[in-house]
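Peer 1: Structure for this input, please:
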Amino acid sequence: GRVVGCSVIHRAPTMPGRARRPWASAVVVLLAGVACFEKVSGDVALAGDESATPPGIDGGGSRYPTVKRLPSNERIRILVTGGAGFVGSHLVDRLMIMGHDVTVLDNLFTGRKKNVAHWVGHPNFNFIVGDVVQPWLLEIDQIYHLACPASPPHYQYNPIKTIKTSTQGTLHMLGLAKRVHARILLASTSEIY
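Peer 2: Model prediction:
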């Protein structure tokens, strides 16, 4: 089916003996937003759906997590900027499991390649070490623009780079979306203001 609309109200659970992590709710809301943003004909694999296996569980002997097989006319070509960061890598996992072609663009300023290393070499996955401050020419259908340092020590270390990422990077992604007629989702930190 097609997701027509949704709203998400979620409070991240606290594990016994552990403090609440403020980013946990953001991950849940962003991943739920994928279901709202996706325009997929056919079934969308959601939590509890047995047609898609979560990362780390491999039923087929492959070194990759199990990925839903979509016909080429249903697969969406998706760019995730900042895809090697915490939130971005979880989004990449979700999109890959859903069976889409995912390209990650990350300069690894705050992201880590190990966050997406389990997808490297998969035919539906591309990893580009690059910066959104530079213009990119890619053939894509959707952009999830998450690129920006979010931690005070990171953005205070190089505030000019943070401003350029938030402004020039966003302008370049909007320009790319316009050129290829792609849909774009901007999920930003407060540093953009």
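Peer 1: Which strands and helices lie in contact with the host helix or strand of Q168?
Peer 2: Following DSSP states H and E, one finds Q168 within helix 159-180. Here helix 159-180 touches strand 77-81, strand 142-145, strand 183-186, going by 3 or more CB pairs under 8 Å, 6 or more residues apart in numbering; DSSP states H and E. C-beta coordinates here come from the backbone N, C-alpha and C atoms, glycine included.
Peer 1: Please work out which of these is packed deepest.
Peer 2: strand 77-81 (a mean of 26; mean count of other CB atoms under 10 Å).
Peer 1: Give me the contacts around that one.
Peer 2: 88, 91-92, 95, 100-106, 132, 138-147, 169, 173, 176, 182 (CB atoms under 8 Å, 6 or more residues apart in numbering).
Peer 1: mind pulling up the phi and psi values for W136?
Peer 2: phi -130, psi 140 (degrees, to the nearest 10).
Peer 1: so what's it up against?
Peer 2: 105, 128, 130, 172, 176.
Peer 1: Could you do N115 as well?
Peer 2: 84-86, 88-89.
Peer 1: how far away is it from G88?
Peer 2: From N115 over to G88 the distance is 8 Å, taken as CB to CB, to the nearest Å.
Peer 1: Equivalent analysis for G82, please.
Peer 2: 5 Å.
Peer 1: got any residues that touch both of the two?
Peer 2: With CB under 8 Å, 6+ apart, G82 and G88 have common neighbours 106, 111, 146.
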